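Trainee: generate coordinates for the sequence data below:
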Amino acid sequence: MLVNLAKQDPVQEFDDKEFEKNCEQVRDKNNPSDFSNTVSILKIRLSKIIATNKEKKRLMDQYFRNVKVIEDAFEQIKEATGITSIEEIVTSFVKAEEQNYTLYNFVNSLST
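Mentor: This is a model prediction of the structure:
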């Protein structure tokens, strides 16, 4: 169960324009709540950043678990086959896959 991390998360950049926009939205509401000052706005933004970082940390932890599983699998293959090079293991798997595909095509051609 590998997590697809190929898509890149855009880096969140905060500029003054976005901050001013948030301030204006709060001022426009004319609602005397705890959102009426810039400290509250900053706290909201900070909580959003923290939530985003927690999600990214969760994804990174999942990624490292997946890497560990793959490394353990290669270690088991090394122990079982005696092949010490990962490149040799990959090459032998690719050759075996090519041979299986050739045999599959041969069997299909016999059955038609």
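Trainee: tell me the contacts of F74?
Mentor: Neighbouring residues of F74 by CB atoms under 8 Å, 6 or more residues apart in numbering: I86, I89. (Glycine included, C-beta is placed from N, CA and C.)
Trainee: same check on the one 4 residues further on?
Mentor: The contact partners of K78, by CB under 8 Å, 6+ apart, come to T84, I89.
Trainee: any idea which helix or strand carries it?
Mentor: helix 38-81 (DSSP states H and E).
Trainee: tell me the secondary structure at I83.
Mentor: What DSSP: H, G, I helix; E, B strand; the rest coil gives for I83 is coil.
Trainee: separation between it and Q99?
Mentor: 17 Å (CB to CB, to the nearest Å).
Trainee: ok, now N105?
Mentor: 11 Å.
Trainee: same deal with R58?
Mentor: Counting by CB to CB - R58 and Q99 are separated by 41 Å.
Trainee: same question, D61
Mentor: D61 is 38 Å from Q99, by CB to CB.
Trainee: then E88?
Mentor: For E88 relative to Q99 (CB to CB), the value is 16 Å.
Trainee: and for N66, the neighbour number?
Mentor: When neighbours are counted by other CB atoms under 10 Å, N66 registers 14.
Trainee: low-confidence stretches in this protein?
Mentor: 1-36 (pLDDT under 70).
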